[in-house]
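**Q** Pasting a predicted model and its sequence here:
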Amino acid sequence: AFAVAAVAAAWGWLRPAATDEQPPSRLAIPTPGLGGGNAFLQRVLDITPDGRTLVYVDAADGGSRLVRRHLENAEATVLSSIPAVFAGPVISPDARELAATNTLGTQMFLFPLDGGNGKPLPRDLAWSNIMTWAGDGSLWSSPQNDRARGIARIAPTGEVTYPFDTALAGYSVQQVLPGD
């Protein structure tokens, strides 16, 4: 009886531990129009902070359009309230809006992610498709047509500041770390 108990105890201690690991998941966006055909040097997609929704540029409705795809769905839907000339989506930390760049001009806009009219970012802000959000709701932008002013910070109130010395004007911001 002791030998059976010892074998049972040894088996309990030495057996492989049960794991709660999930198998790796993969995502495919099987669309030949990803990027819309004119996305050279532009961000073509972004993902919501909860990881459940993609927004990307795709060839749709006869042009390059921003589309949204919930990952549980196989198909994307066109963000019809955003005109066809916008690209470079950057989703806000609260996933309520996205910044996008007009590819035909020099204007950047904020659009509600759930639809509705966009509002232009301040006109004196240098055009850019290199943008990122900070945790405080501010949007940071690296200018592409007026690099002398340097990196801009657009506060949630709309105030534009240039927090870095002009010696750093040629740099681009890609991410704002926590604590801003």
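**A** Structure's in. What do you need?
**Q** Can you list the residue ranges for strands in this protein?
**A** With DSSP state E applied, the chain shows strands at 45-47, 53-60, 63-70, 77-78, 86-91, 97-102, 108-112, 119-120, 130-133, 139-142, 152-154, 160-161, listed in chain order.
**Q** Of those, give the one that comes closest to Leu177.
**A** Among these, the nearest to Leu177 by CB to CB is strand 130-133 (10.5 Å). Just so you know, the C-beta spots here come from the backbone N, C-alpha and C atoms, and that holds for glycine as well.
**Q** name the helices or strands packed onto the closest one?
**A** Secondary-structure packing of strand 130-133 (3 or more CB pairs under 8 Å, 6 or more residues apart in numbering; DSSP states H and E): strand 86-91, strand 97-102, strand 139-142.
**Q** and these as CSV, adding mean neighbour count, mean pLDDT and distance to Asp46?
**A** As requested, those are exported to CSV (neighbours: other CB atoms under 10 Å; pLDDT from 0 to 100; distance: least, CB to CB, whole Å):
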stretch, mean neighbour count, mean pLDDT, distance to Asp46
strand 86-91, 24, 89, 5
strand 97-102, 24, 90, 7
strand 139-142, 23, 90, 13
